[in-house]
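In: Following is a predicted model, sequence given first.
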Amino acid sequence: MDVIIMAGGELEPDDPLYDATGATNKALLPIAGKTMIQRVVDALAGSPEVEQFVIVGLSPEESPELNVPVAYAPSRGGLFDNVVAGFEKLREIKPDAQLTILSTADIPLLTTEMVNWFINTCAETEHEIYYTAVERSVMLGRFPEAGRTFVPLRGGAYCGGDIFMARTDLVHTNQELFDKLMEARKSFWKQVQLIGLGFLIRFALRRMKLSAFICVNLRLHSNYAI
């Protein structure tokens, strides 16, 4: 089991966090003596299943000492591009990698217990993608000031869980689709061609189930679990 961490959240000089800490990247924000990325890496590395790390968006010179096997990939800008960069780097250094955890660098409350639960739960079924989602009342009940964006769907509103799992060859085996998705990012009509007008109508009317929403968003014809 390997890990790709998205650490490309740069802080601008007018950001209050930049002014308070001087950190140029959210992953480097200090929290009780450790940077956020150190806390995330420690939680993930505590699992006996985790081996190799790839960090996207930090250079070796910027990164604190992490004491784990780690490779770095430069940011390509957007989140989607950085996910692709992470998979490409992992395949470069570990061609036989099979399953990969994808995590953001800004979840400092992540614990090894959570990581082990996630890995063990995913191991109960065989899928290509495991996607985490949190219902609004659960998130706001625990973190009322989290400021998360929720997607309104039939049966509730959900936000992403910030930690996922996928088959490592997913990008490689769906290269044509990923290229189309990257090309369509800035064109509404190209997006409609890819995901379908029916999806947009159901989404607008809040008649889309969570499973259907994720399936259409992925458009990978993959087996997935939520």
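Out: Thanks, I have the structure now.

In: what about the protein, any weak spots by pLDDT?
Out: Within the chain, the segments meeting pLDDT under 70 span 11-23, 171-226.

In: Quick one: the strands in it, in order.
Out: Secondary structure of the chain (DSSP state E): strands at 2-6, 30-31, 34-35, 53-56, 70-73, 99-104, 129-130, 133-135, 151-153, 156-160, 163-167, 224-225.

In: quick one: contacts of stretch 82-97?
Out: Outside of stretch 82-97, the residues within contact range by Cβ atoms under 8 Å, 6 or more residues apart in numbering are 2, 4-6, 8, 52, 54, 56-57, 71-76, 100, 102, 168-172, 178, 182. Where you see a C-beta, it was placed from the backbone N, CA and C, and this is true even at glycine.

In: how far away is S63 from E128?
Out: Separation of S63 from E128 (Cβ to Cβ, to the nearest Å) stands at 30 Å.

In: circling back: which among the contacts of stretch 82-97 end up buried?
Out: Restricting those to buried positions leaves 2, 4-6, 8, 52, 54, 56-57, 71-73, 75-76, 100, 102, 168, 170-171, 178, with burial counted as 16 or more other Cβ atoms under 10 Å.

In: possible to save the strands of the chain as JSON lines with distance to D42?
Out: Below are the strands of the chain laid out as JSON lines (distance: least, Cβ to Cβ, whole Å):
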{"stretch": "strand 2-6", "distance to D42": "12"}
{"stretch": "strand 30-31", "distance to D42": "12"}
{"stretch": "strand 34-35", "distance to D42": "8"}
{"stretch": "strand 53-56", "distance to D42": "11"}
{"stretch": "strand 70-73", "distance to D42": "13"}
{"stretch": "strand 99-104", "distance to D42": "12"}
{"stretch": "strand 129-130", "distance to D42": "22"}
{"stretch": "strand 133-135", "distance to D42": "22"}
{"stretch": "strand 151-153", "distance to D42": "31"}
{"stretch": "strand 156-160", "distance to D42": "22"}
{"stretch": "strand 163-167", "distance to D42": "14"}
{"stretch": "strand 224-225", "distance to D42": "26"}
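
In: closest to E145 out of the ones you listed?
Out: Proximity to E145 (Cβ to Cβ) singles out strand 156-160 among these, at 13.9 Å.

In: So which bits of the closest one are buried?
Out: Neighbour count says strand 156-160 has 157-160 buried, by 16+ other Cβ under 10 Å.

In: Which residues outside that strand are in contact with it?
Out: Strand 156-160 is contacted by residues 131-137, 139, 148-151, 210 when judged by Cβ under 8 Å, 6+ apart.
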